[in-house]
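> Test case, fold it:
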Amino acid sequence: MATLQRSAQKLFYYARNVVRDIAPQALFRRRLAGLLDQARFSDGSVRARLNHYNRLQDAFSPGPDAMPASRLPTDRSMYYYDLKEFIRYFDPDLLVDLQFGDIIRVPGVPSIVKARPIAGDNRNGVLFKLNKFRHFHMPADGVAFADKLPVAVWRGKLNNPIRTLLLQAARDLPFCDVGTPKPSAAPEYRKPYLSIDQQRRYRYIISLEGNDVATNLKWIMSSNSLCLMPPPTSETWFAEKQIEANVHYAPLEPDFSDIAERVRYFERHPTEAERIVAAANAYCRKFADERAEQAISLLVLYKYFVLSGQIEPDAQVWRFISGSA
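The predicted model follows:
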């Protein structure tokens with residue numbers, strides 16, 4: 001359920017992007033060279049992140065289904081606007097392969113995606129910050145860890161077997177408040193809906209992957225609650241592969257057999273829980289740096305277009321990307 005504030009934010013999101021679409025697009029293209037020149041003076045973290053998102057190293061040709069940058073599909077409007085925000089700085093005739101939506105497999109050709117599997121050779125999945133209004137909602141949390149309820153909470157859809165497994169393992173445990181608000185679920189799995197603010201009243205919030213990644217992971221890690229989850233198997237712009245167990249979150253066994261032991265442990269060691277929460281908060285803060293986010297987004301696309309043979313690289317920008325600057 002959307003709050004009034006969240007609804008207003010969504011309205012602003014669409015209004016801002018509509019205005020960008022109405023504006024003469026040539027104005028954005030004229031700024032690209034200057035923005036890339038600024039980006040190459042960024043620190044090493046920008047280079048590391050762009051080369052994590054875009055792991056391509058060799059030249060390639062766009063696939064048969066590639067489309068011009070000026071003709072992105074608009075049926076998934078937030079995906080469209082999130083990619084258009086940055087691709088509008090490039091020649092509208094440049095070709096791009098993309099897959100909008102929840103992705104659990106690596107594309108056959110290098111493609112812009114929201115998510116990709118962590119394991120194996122995933123370089124054809126070029127990560128971009130897509131559907132960010134939903135996935136990068138990280139509101140401030142004003143309640144300290146010690147002041148929260150000593151209970152583990154989870155709410156969500158049963159769109160992944162691991163979620164049903166959690167409910168089977170933990171729904172009767174006195175220190176767990178887990179369930180789904182979906183009326184179509186079995187009665188023993190149903191629990192009332194809880195907003196983000198209501199879930200953040202608990203010391204422990206469980207994060208579980210759904211169709212691809214866990215949507216709630218970002219706002220959990222930016223809160224003062226401790227994230228409990230099995231190791232992730234997919235990643236997005238949030239770079240879930242780089243999130244470390246016992247550093248940024250408390251790991252759970254895939255069958256949740258240790259959930260009782262995990263909660264009891266951190267109840268006895270709150271300082272350790274707070275250390276993990278602080279590290280998780282620090283991990284999240286880098287995504288609030290709008291200048292770095294813009295630089296990385298443009299460089300990810302620039303590298304894609306250079307390696308696809310559609311742009312002749314600027315020597316200095318390419319040296320920054322390759323690490324030889």
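> And the helices in the stretch 151-300 of the chain?
161-170, 196-199, 217-221, 259-268, 270-285, 290-307 (DSSP state H, counting those that start in this stretch).
> what's the distance between the closest residue to residue 70 other than its chain neighbours and residue 100?
Nearest residue to residue 70, sequence neighbours excluded (CB to CB, 6 or more residues apart in numbering): residue 92, at 3.5 Å. Backbone N, C-alpha and C define where each C-beta goes, glycine included. The gap separating residue 92 from residue 100 is 19 Å, by CB to CB, to the nearest Å.
> neighbour count winner among those two?
Here residue 92 and residue 100 are compared on neighbour count by other CB atoms under 10 Å; more neighbours surround residue 100, at 19 against 13.
> if I look at that one, how far off is residue 145?
37 Å.
> do residue 216 as well
For residue 216 relative to residue 145 (CB to CB), the value is 18 Å.
> domain ranges for the chain?
Residue ranges for the domains of the chain, per automatic domain parsing: 4-130+289-322, 145-286.
> most tightly surrounded among those domains?
domain 145-286 (a mean of 18; mean count of other CB atoms under 10 Å).
> Compute the distance from the centre of that domain to the centre of its chain.
16 Å (CA atoms, centre = their mean, to the nearest Å).
> Repeat that for stretch 308-321.
27 Å.
> would you turn the domains of the chain into TSV with mean pLDDT and distance to residue 138?
Listed next are these as TSV, based on pLDDT from 0 to 100; distance: least, CB to CB, whole Å:
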stretch	mean pLDDT	distance to residue 138
domain 4-130+289-322	95	12
domain 145-286	96	4
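> Looking at these, spot the one closest to residue 137.
Nearest to residue 137 among the domains of the chain is domain 145-286 (5.9 Å), distances taken as CB to CB.
> how long is that closest one end to end?
22 Å (CA to CA, to the nearest Å).
> ditto for stretch 298-317
Start-to-end, stretch 298-317 (CA to CA) is 11 Å.
> what's it in contact with?
Residues outside stretch 298-317 that contact it (CB atoms under 8 Å, 6 or more residues apart in numbering): 32-33, 35-37, 39-40, 46, 50-51, 53-54, 56-62, 86-87, 89-91, 94-96, 110, 112, 126-128, 318, 321, 325.
> same thing with stretch 97-107?
With CB under 8 Å, 6+ apart, stretch 97-107 has contacts from 62-63, 65-67, 72-73, 76, 79-80, 83, 109-117, 120-125, 130, 210-212, 234.
> Helices - which of the residues you listed land there?
In helices, defined here by DSSP state H, the members of the contacts of stretch 97-107 are 79-80, 83.
> Take these and lay them out in a markdown table including distance to residue 255.
A markdown table is the format used below for these (distance: CB to CB, whole Å):
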| residue | distance to residue 255 |
| --- | --- |
| 79 | 34 |
| 80 | 39 |
| 83 | 38 |
